[in-house]
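Participant: Would you be able to build a 3D model of this:
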Amino acid sequence: MTSTGTATSSNNSANSPASWQEWEELVTSALLGTERRTPPVAVPGKDAPSALLDAAAAHTVRRRAGLCAAPAAAPPALATPDARPVLPTAARNRLAMLLTGRPGGGGGGRRGAAPDLTELLPQWLALANEHGYAAPPEALPALLDAARARTDLRPQALAFAGPRALWLARLNADWKFALRATPGGAELPAPEETAEVQRLWEEGLFAERVALLSAVRAHDAATARDLLATTWTTERAEDRLMFLDSLRVGLGDADEPFLEQALTDRSRNVRATAAELLSALPGSALAARMAARAATCVALDRTDGKLVVEAPHECDAAMERDGVTPNPPSGRGRRAWWLGQVVEATPLASWSARLGDRTPEQMVALPVADDWQSELHGAWCRAAVRQQDAPWSRALLGTPAAPGASGPGAVSLAERAKLLAALPADERADWVAGFIAAHGLSEAFQLLGGCAVPWSQPLGHAVVDALNIARDAGSYPWSFSGVMGLAERCLDPVEADRLESLAAIPDEPEDGAPGAVGYWSEAFQRLVSTLRLRAAMRRELTGT
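Facilitator: Numbering: from 1, shown residues only. So this is what the prediction gives:
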């Protein structure tokens, strides 16, 4: 009993008002300094600070001894095991370097000659995911921090980080984005798990349902469409629009009945999206209806070989049901607006028989009467992009050496870039290489962004030759920093040896910008170093 009574007395003493007042005095003296505020200790003068710390330590022990033990919290559940293979040691060390690296730079806005490690991280992650490696546990915090700072890294970083990243994200509020990026913070049920899929579809959050529908659609298009049909009439208009958009993956003729039904939807946006999807199916009834309308609008005058255009005079209810928007944007004529939508939704394959069995190149070359050419060709461009028709895209692009920034049908570089996407990768690269050889780099940035990586040898040589010409012209490299950055990420690393000679500092031309050759040399040094570093990254991850 004596022992129990002593403990009780100690507890009361440690938590008494006098004890708390003494603690507050110790804290105040520590904050202000013992010379300005005399601490409640028996040792004055120069020994007062040490005495204060001793008193604080003793007081802390008394306070803690007076506390009752609380029940221990349940430990967190174990993270889902990651069964993927472990990274090779060299690749693990490289990842640590990339995660702690900083952009190369110099004074005055110069980037310096060192590779920009932060720009290499996305490529490293893509390659690691391609080979199915698991992230090292010790790298997960830095990897999540990097993904938090850069949204462009998140898909690849979270795929590489795996289930352990979600486990960590539940323990750290700074990493909650990982839970949002993976709906529900858990893996979706496998598409073949019918009961679980149905349960999540009926009970899940909207983001979870969107992700689920996309996953099922990628696995089995028909099953996803049937799943969507079970709740279609009860969904909100904005949700129906998002769900309908998921049908773009694996779009086929079997989707036509569902999309035809969606043409009568209450929402104009849903109707427009359904019509767009149907127009991408050349064999659909909507495509046939649009082709019949187009036949009344565009005809070949066999007397002079010109295309004659008669735009629609009205937008009737049937046209609206098929996705034609009646009111044009500001600055567009109503009839031209309707014509463009009709032609855009018409199967391109239907034009040859109507226009004398001509090829796309021959049809694009036909003169168009009454200044309708830009409207007609612009609509054909949009149709070629929507239908991913390579022959028509090729015809509308024209030759890369054609003067100006537009081909026969393209009126901007952005449209040319979209048309290029329909061509095979090798042909796309050759076309852009020809464009650069004819027009230089000033207008090529958008086109280069759509080329496959690593760039083909002809395209890489065209870019490097154009950069070399720009250097010889005496300008500063900063005007081409965007292209140079693309070259660092997209050039084939085997080009490093060929480029090394460009890193030398040549004689400065008399009419060149002061110091420009030195800056160019620095830029080429960074390019060579980056290419070699990319080659090393690949060897470390692939062993080749």
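Participant: count of residues packed around Arg150?
Facilitator: As a burial measure, Arg150 scores 13 neighbours (other C-beta atoms under 10 Å). To be clear about C-beta, it is placed using only N, CA and C from the backbone, and glycine gets the same treatment.
Participant: Next, find the distance separating it from Leu52.
Facilitator: 47 Å (C-beta to C-beta, to the nearest Å).
Participant: So the spatially most central residue of the chain: helix, strand or coil?
Facilitator: Central residue of the chain (C-alpha atoms, centre = their mean): Asp152, 5.3 Å from the mean position. Using DSSP: H, G, I helix; E, B strand; the rest coil, the structure places Asp152 in helix.
Participant: Is the nearest residue to it once chain neighbours are set aside within a helix or a strand, and which one?
Facilitator: Excluding the flanking residues, the one nearest Asp152 by C-beta to C-beta, 6 or more residues apart in numbering is Pro122, at 6.9 Å. Using DSSP states H and E, Pro122 falls within helix 117-130.
Participant: neighbouring contacts of that helix?
Facilitator: 87, 91, 94-95, 97-99, 101-104, 146, 152-153, 156-157, 159-160, 485, 488-489, 530, 533-534, 537-538, 541-542 (C-beta atoms under 8 Å, 6 or more residues apart in numbering).
Participant: so how far does stretch 338-355 reach from one end to the other?
Facilitator: Start-to-end span of stretch 338-355 (C-alpha to C-alpha, to the nearest Å) is 21 Å.
Participant: All the strands of the stretch 251-400 of the chain, residue numbers only.
Facilitator: 298-301, 306-309 (DSSP state E, counting those that start in this stretch).
Participant: For Asp370, find the nearest of those strands.
Facilitator: strand 306-309 (6.7 Å; C-beta to C-beta).
Participant: quick one on the thing from earlier: let me have the strands of the stretch 251-400 of the chain in JSON lines, extended by mean neighbour count and distance to Ala229.
Facilitator: Formatted as JSON lines, the strands of the stretch 251-400 of the chain follow (neighbours: other C-beta atoms under 10 Å; distance: least, C-beta to C-beta, whole Å):
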{"stretch": "strand 298-301", "mean neighbour count": "16", "distance to Ala229": "37"}
{"stretch": "strand 306-309", "mean neighbour count": "17", "distance to Ala229": "40"}
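Participant: As JSON lines, those strands with mean pLDDT would be great.
Facilitator: Output for those, formatted as JSON lines (pLDDT from 0 to 100):
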{"stretch": "strand 298-301", "mean pLDDT": "95"}
{"stretch": "strand 306-309", "mean pLDDT": "96"}
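Participant: Ala470 and Glu495: what is the separation?
Facilitator: Distance, Ala470 to Glu495, using C-beta to C-beta: 18 Å.
Participant: With Val453 instead?
Facilitator: 13 Å.
Participant: Please identify which of those two sits among more neighbours.
Facilitator: Glu495 (20 against 12).
Participant: Can you give me the pLDDT of Tyr476?
Facilitator: With respect to pLDDT, Tyr476 has a value of 79.
Participant: any idea how far the residue nearest to the centre of the chain lies from Leu120?
Facilitator: From Asp152 to Leu120 the distance is 13 Å (C-beta to C-beta).
Participant: now do Leu447
Facilitator: Going from Leu447 to Leu120 by C-beta to C-beta gives 23 Å.
Participant: Wait, Trp167 touches Pro81, no?
Facilitator: No - look at Trp167 against Pro81 with C-beta atoms under 8 Å: they stay out of range, at 10.7 Å.
Participant: Between the two, which has more neighbouring residues?
Facilitator: The neighbour comparison of Trp167 against Pro81 (other C-beta under 10 Å) goes to Trp167, with 17 against 10.
Participant: Domain-wise, how is this protein divided?
Facilitator: With domains defined by automatic domain parsing, the chain comprises 2-65, 89-104+115-185, 194-281, 424-544.
Participant: Please tell me how far the residue nearest to the centre of the chain sits from Val210.
Facilitator: Distance of Asp152 to Val210, computed by C-beta to C-beta: 21 Å.
Participant: Over to Leu153?
Facilitator: For Leu153, the distance to Val210 equals 22 Å [C-beta to C-beta].
Participant: any weak-confidence spans in the chain?
Facilitator: Along the chain, the model assigns pLDDT under 70 to residues 1-18, 42, 44, 67, 69, 102-113, 180-187, 403-411, 505-515.
Participant: and Leu188, helix, strand or coil?
Facilitator: coil.
Participant: That one and Leu144: what is the separation?
Facilitator: 21 Å.
Participant: Between those two, which is the more surrounded one?
Facilitator: Comparing Leu188 with Leu144 by other C-beta under 10 Å, the one with more neighbours is Leu144, at 23 against 19.
Participant: Surely the more buried one and Arg170 touch.
Facilitator: No - using C-beta under 8 Å, Leu144 is not in contact with Arg170; the gap is 11.9 Å.
Participant: how about the CA coordinates for stretch 445-465, as CSV?
Facilitator: Output in CSV follows, covering the C-alpha atoms of stretch 445-465 (Å, rounded to 0.1, in the frame of the first residue of the first chain):
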residue,chain,number,x,y,z
PHE,A,445,8.6,21.9,-83.1
GLN,A,446,5.0,20.8,-83.2
LEU,A,447,5.7,18.3,-86.0
LEU,A,448,8.7,16.7,-84.1
GLY,A,449,6.5,16.1,-81.0
GLY,A,450,4.5,13.6,-82.9
CYS,A,451,7.4,11.5,-84.2
ALA,A,452,8.3,8.1,-82.7
VAL,A,453,11.1,7.9,-80.2
PRO,A,454,14.0,7.4,-80.7
TRP,A,455,14.0,9.4,-83.9
SER,A,456,14.9,7.6,-87.1
GLN,A,457,18.3,8.2,-88.6
PRO,A,458,17.1,10.5,-91.4
LEU,A,459,15.1,12.6,-89.0
GLY,A,460,17.9,12.8,-86.5
HIS,A,461,20.4,13.8,-89.1
ALA,A,462,18.0,16.5,-90.4
VAL,A,463,17.6,18.0,-87.0
VAL,A,464,21.3,18.0,-86.2
ASP,A,465,22.1,19.4,-89.7
